[in-house]
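Novice: With the sequence up front, the predicted model follows.
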Amino acid sequence: MDPIVLAGLIVMGLGAGVLGALFGLGGGIIFVPLLMLVFGLAPTEAVAISLIGIIAGSVGASTVFVDKGLSNVRLGLLMEITTAAGAIIGAIVATYLQEWVLMVIFAAIVYISGYRMLRNPEKVVPPSEDSSGRYAFRYSDESNGESIDYEVQHIGGGMALCTVAGMISSMTGVGGGMVKVPLMNIYMHVPMKAASATSSYMIGITAFSGAVTYFLGGQVLLEYAAGVAIGAFLGALVGTSLTRRIDAKHLRKYFSVVVFIMATMVLLQAVGVL
């Protein structure tokens, strides 16, 4: 492979890895268009390599977030069950709807979620005295040295809504983190840092099953995948360092700005501008 191409893949992975770790979004919205437009790959090849990059970024972020107690592993595994079910349903539904309709629906949901995160202050529910402790968690916020205790709310409703997140992700090909992070933060009252870290953990699990399918089908270009994976892993380590030092209030604002931009890109794709 040309060293310039390899360097470009690593740089792209680095940027996507930083964003993925910061906001729990994965890098599909960055990987897929750039791999097709800049590197000239076919859509299927781009998606396959994107999944490898997402896995590498998730592994890099999770090694830090899980160790620091930011990733809520128990909650992530519960929500991943319904997310996977939703992805299967979404793949079926997508065959009956036009792509632009799916993209418009996705963009609308993301715009509303981002707006609510900007307008509504974060609400963290501390564990109650009569709580069983099953969904009570704690992590240390390194930006201010405080220990944050919280109890996850609306578990059943959150899992049900994650089915919708999985459907949207599957139907549009865009990572469900743009839906799951606001869902955990606004509806389930998971602190922003824990929500984004948990999403980063979940995204890797989701992407793995898809990546295995593409790999067995011989659609993963290994040299390209290696460059993207190296960059994404390193970028995720940088992103985790930034996440731990950014104030949660600022992180919510930055997240909203990023998802507004991504939703706009999806909307422009829907109307044929991009």
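Specialist: Noted; the coordinates are in hand. Here the structure is a predicted model, which means the values were calculated and not measured.
Novice: residue contacts, Leu221?
Specialist: Applying CB atoms under 8 Å, 6 or more residues apart in numbering, one finds that Leu221 lies in contact with Leu41, Glu45, Ala48, Ile49. C-betas here are computed from N, CA, C, even on glycine.
Novice: same thing with Arg245?
Specialist: Contacts were defined as CB under 8 Å, 6+ apart; by that measure Arg245 touches Glu142, Ser143.
Novice: Quick check: it vs Phe255, distance?
Specialist: As defined by CB to CB, to the nearest Å, Arg245 lies at a distance of 16 Å from Phe255.
Novice: As a check, name the ranges of all helices in the stretch 151-274 of the chain.
Specialist: Under the criterion DSSP state H, counting those that start in this stretch, helices of the stretch 151-274 of the chain are mapped to 155-172, 177-182, 192-216, 222-245, 248-270.
Novice: next one: the stretch 1-150 of the chain
Specialist: Taking DSSP H, counting those that start in this stretch, the helices of the stretch 1-150 of the chain run over residues 3-23, 28-37, 43-68, 73-93, 99-119.
Novice: quick one on the thing from earlier: can you tell me which of the contacts of Leu221 lies closest to Leu102?
Specialist: Closest to Leu102 out of the contacts of Leu221 is Ala48 (20.8 Å), distances taken as CB to CB.
Novice: Count residues in the vicinity of that closest one, would you?
Specialist: Other residues near Ala48 number 24, with proximity taken as other CB atoms under 10 Å.
Novice: can I assume it is in contact with Val220?
Specialist: Yes - under the contact definition of CB atoms under 8 Å, Ala48 touches Val220, with a separation of 4.8 Å.
Novice: Between these two, which contacts overlap?
Specialist: Both Ala48 and Val220 are in contact with Ala211, Tyr214, where contact means CB under 8 Å, 6+ apart.
Novice: Select, out of the helices of the stretch 1-150 of the chain, the one closest to Leu234.
Specialist: Closest approach to Leu234 among the helices of the stretch 1-150 of the chain is made by helix 3-23 (5.8 Å; CB to CB).
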